[in-house]
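Enquirer: coordinates only, no sequence provided:
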């Protein structure tokens with residue numbers, strides 16, 4: 001969550017960043033076998049790719065989670081506003097204080113730290 005807060009310029013605290021990442025996962029996330037060409041990452045079993053902006057290497061999860069994210073990489077270290085303006089992502093930041101925007105759950109189980 002710290003990486004999302006610092007690299008993607010997400011406002012709020014760790015719980016707010018977790019909700020935002022879960023929302024992005026639901027709206028634009030997909031699990032892939034290979035990272036996007038712009039992501040310079042070590043090999044991983046899978047990658048969660050959000051739009052064409054975020055990439056999270058995944059490892060098999062512990063407990064009820066199917067996957068655990070090990071880190072987070074932003075394309076060109078661009079903050080959310082830049083990614084949105086360049087069309088790398090479609091979802092604008094949610095109003096984190098509005099309960100109506102909180103995600104209702106994930107497809108599959110993933111744990112974000």
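Expert: Received, thanks. Small disclaimer: the values here were computed from a predicted structure and weren't measured.
Enquirer: where does this structure dip in pLDDT?
Expert: Applying pLDDT under 70 to the chain flags the ranges 1-12, 95-113.
Enquirer: what about the helices in it?
Expert: 2-7, 14-28, 80-85 (DSSP state H).
Enquirer: with respect to burial, which of the ones you listed scores highest?
Expert: Greatest average neighbour count among the helices of the chain goes to helix 14-28 (a mean of 19), per mean count of other Cβ atoms under 10 Å. Heads up, the C-betas are built off the backbone N, CA and C, glycines and all.
Enquirer: now that helix, how far from the chain's geometric center?
Expert: 7 Å (Cα atoms, centre = their mean, to the nearest Å).
Enquirer: what packs against it?
Expert: Taking 3 or more Cβ pairs under 8 Å, 6 or more residues apart in numbering; DSSP states H and E as contact, the helices and strands that helix 14-28 lies on are helix 2-7, strand 46-50.
Enquirer: please report how far the residue nearest the centre of the chain lies from residue 36.
Expert: Residue closest to the average C-alpha location in the chain (Cα atoms, centre = their mean): residue 21, at 4.6 Å. As judged by Cβ to Cβ, to the nearest Å, residue 21 and residue 36 stand 17 Å apart.
Enquirer: longest strand in this structure, by residue count?
Expert: strand 54-60 (DSSP state E).
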